[in-house]
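*Asks:* Here is a sequence with its predicted model. Questions after.
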Amino acid sequence: GYAEFTTLFTSLPEQATADHQSFEEALRLLYVGMTRARDYLIIPCKEYNKMAWLEKAIPGGLSEICGDEPVPNDVTISTLHKHYPSKFRFRRFVQADLMQGIVVEAAAPIIYTPQKRTIPVQDYFITPSSVEESPHAHISEYITLYPRMQAELGLTGDDGAFGTCIHAILCAYHPEMKEPEQLQLIERLLKNFGFTGIISPADLVTSIRLFTEWIGRRYKSAAYYKEYPMMVEKGNQIFSGIADLVIETTEEILLIDYKTFPGHYDPDKNHESCEWRARTYSGQMALYQEMLERVWPGRKVETVIWFVIAGALVKFDNH
């Protein structure tokens, strides 16, 4: 039955061709992966020189590159292969087999180390949200759009899943939708994300309407870009992010970033609370501004945080 079928199938010339093509593609990807390492290359293996996939590319395996298996636990060894004229660090570690309840010794990664002394380098890809607070930024304007919304379950910070839910709602929302449609949209998305009852859909509709009216009064004849992707190169790094909302007028560019930080339940302390939280995002907003200034050179760029639950807008001056 099955054994005969597999034997017949694998013996077909077409299958041999497919296997060869699949192997060639795997080898190409292996080459790309090995040659794209910027700082070091890690090759994990259970036993020294027992990697069939590596032997396909290097017939002699690790022994062809590094020579006989080194005895010390951590030692730097010179390569022998003409195509890999550098040094490797060989390290041995102990690996536990949880399935069999035993501890076995295994070869550790082989780590490429350049000939010259290495120095720490920054990550190649940077997301704006990971940038630390900027010491040069200060808040230029604070606007109270509406009273702080009532949020259940004691939200005290920027909950990631809840933030994703709110971003999805604001992305799908359109001001031309009738109010029943807006309520239905918000109720459905809150349910899909598991946040039914956390906030009132009616309160959120009102909050979005007041926010939209504020934009309409302040930025007339504007173009709106939701979830606007940006990527710029700075030095030897790539900065990549998605702006929640970018508004373009003939004279300026406004970036608005949505945050779900709930502020303070005491109205007298909500202002102070939102400004404190906004400062923690000042590095992110400064980077967004720099990215937009490259996209629209010569335009004035402003950055604003909208605290959706807290009902406040905080504008930065990053110069």
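*Replies:* Cool, got the structure. Residues are numbered from 1 along each chain as shown.
*Asks:* Show me where the stretch 151-300 of the chain dips below the pLDDT cut-off.
*Replies:* 153-159 (pLDDT under 70).
*Asks:* Could you pull out the helices in it for me?
*Replies:* Using DSSP state H, counting those that start in this stretch, the helices found in the stretch 151-300 of the chain span residues 160-172, 179-192, 201-218, 267-279, 282-295.
*Asks:* Comparing these, which comes out most buried?
*Replies:* Across the helices of the stretch 151-300 of the chain, averaging neighbours per residue (mean count of other CB atoms under 10 Å) puts helix 282-295 on top, at a mean of 20. To be clear about C-beta, it is placed using only N, CA and C from the backbone, and glycine gets the same treatment.
*Asks:* other SSEs contacting it?
*Replies:* strand 223-234, strand 237-248, strand 252-259, strand 300-307, strand 312-317 (3 or more CB pairs under 8 Å, 6 or more residues apart in numbering; DSSP states H and E).
*Asks:* Next, format these as a markdown table and append mean neighbour count.
*Replies:* Compiled in a markdown table, those are given as follows (neighbours: other CB atoms under 10 Å):
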| stretch | mean neighbour count |
| --- | --- |
| strand 223-234 | 14 |
| strand 237-248 | 18 |
| strand 252-259 | 20 |
| strand 300-307 | 21 |
| strand 312-317 | 21 |
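*Asks:* residues in contact with the residue lying closest to Val295 once chain neighbours are set aside?
*Replies:* Closest residue in space to Val295, ignoring its immediate chain neighbours: Met230 at 6.7 Å, by CB to CB, 6 or more residues apart in numbering. Applying CB atoms under 8 Å, 6 or more residues apart in numbering, we find Met230 in contact with 239-243, 288, 291-292, 295.
*Asks:* Out of the residues you listed, which is nearest to Gln184?
*Replies:* Among the contacts of Met230, Ile242 lies closest to Gln184 (CB to CB), at 26.3 Å.
*Asks:* what sits against that closest one?
*Replies:* Taking CB under 8 Å, 6+ apart, we find Ile242 in contact with 227-230.
*Asks:* repeat that for 7 Å
*Replies:* 227-229 (CB atoms under 7 Å, 6 or more residues apart in numbering).
*Asks:* residues contacting the nearest residue to Ile256 once chain neighbours are set aside?
*Replies:* The shortest distance from Ile256 to any non-neighbouring residue, by CB to CB, 6+ apart, is to Leu245 (4.4 Å). Contact partners of Leu245, counting by CB under 7 Å, 6+ apart, are 224, 226, 256.
*Asks:* All set now, cheers.
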